[in-house]
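got a predicted model here, sequence first, then my questions.
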Amino acid sequence: MVLRPLALALVALATPAQAQEDERPRRTRVALGPQLVPSYPGADGHSLRPLFDLSRARGDDDFAFEAPDESFGFPLLRADRFQFGPSLGFEGERSAKDVGVAVPKVGFTVEAGGFVQYLLTPALRLRGELRHGIGGHKGLVGTVGADLVTRDRDRWLFSIGPRVTLANDRYHRAYFGITPAAAAATGLPAFDAKGGVQAVGLTAGALRQLTQRWGLYGYAKYDRLVGDSARSPLVRRFGARDQLSGGLALSYTFGR
């Protein structure tokens, strides 16, 4: 990628103090467990999927805060309280069997894009993501949110904050639209879902270190569908406006 050499060049130009700091031993924390998430956007059922988190820190630095619902990513650019970098997400397929009516299949989607985040204070972070679907829905989807974080270093952490999910026409038509052909096959009214705000909600996460090595990690997330996603006959007849997610994982820290 074009920006990767730039990032390496910036590291190479670091001051001696920064270079020495980067040589401190690394610590790694891995969390793994189960989570329940909506089977597809707008579903009234849930699917069991793995919950995985990986964090790294140097020396005695605290592990950096990551919200439980943010996409995988890493900063390419750091400037004071600002960060920018790539983000990667995934959305499972949705079949007619999943919905319970003959609607077109939406294939498994890799979502690639970027994020920006800014620390208003050490305890208040703003973050935005925008990702484009590769295959599957082929649409644009993004989130804007804030997180209030309270912690005692790495011994425990609690975060909570609002979320707004947005998507374009193509994304909403894939999951919430009903074409004339699908209307004829299902008996549902045709529905041309437009882009805009898809959902508003709240996400909370918690970490608790039980011993020097072992800990617990969990989260809960609530979204309320709004706009065309809430008005879709698919959601009103076969889905749910209230979208709940949650998971619990066991963590292990090593490296020192």
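In hand now; what should we look at?

now do the contacts for residue 119.
81, 125, 126 (C-beta atoms under 8 Å, 6 or more residues apart in numbering). Every C-beta, even on glycine, is put in place using the N, C-alpha and C of the backbone.

what does residue 30 give?
The contact partners of residue 30, by C-beta under 8 Å, 6+ apart, come to 52, 53, 54, 251, 252, 253.

now, of those residues, which are buried?
53, 251, 253 (16 or more other C-beta atoms under 10 Å).

number of residues surrounding residue 96?
A count of nearby residues for residue 96, using other C-beta atoms under 10 Å, gives 14.

show me where the protein has strands.
With strands called from DSSP state E, the chain shows them at 26-38, 46-58, 72-73, 77-79, 82-91, 109-121, 124-134, 140-152, 156-167, 196-209, 214-225, 242-254.

for residue 99, find the nearest of those.
With C-beta to C-beta, the closest approach to residue 99 among the strands of the chain belongs to strand 26-38: 12.3 Å.

quick one: strands adjacent to that closest one?
Paired neighbours of strand 26-38 in the sheet (DSSP bridges): strand 46-58 (antiparallel), strand 242-254 (antiparallel).

Serialize these to CSV and add fields for mean pLDDT and distance to residue 195.
Output for the strands paired with strand 26-38, formatted as CSV (pLDDT from 0 to 100; distance: least, C-beta to C-beta, whole Å):
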stretch, mean pLDDT, distance to residue 195
strand 46-58, 94, 25
strand 242-254, 97, 18
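
distance to residue 116 added to those, as TSV?
Listed next are the strands paired with strand 26-38 as TSV, based on distance: least, C-beta to C-beta, whole Å:
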stretch	distance to residue 116
strand 46-58	20
strand 242-254	24
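
tell me the bridge partners for the closest residue in space to residue 214 that isn't next to it in sequence.
In this structure, residue 214 finds its nearest non-sequential neighbour in residue 252, 6.1 Å apart by C-beta to C-beta, 6 or more residues apart in numbering. Applying DSSP bridges to residue 252 gives these bridge partners: residue 30, residue 214.

I'd like the distance between residue 252 and residue 30.
Going from residue 252 to residue 30 by C-beta to C-beta, to the nearest Å gives 6 Å.
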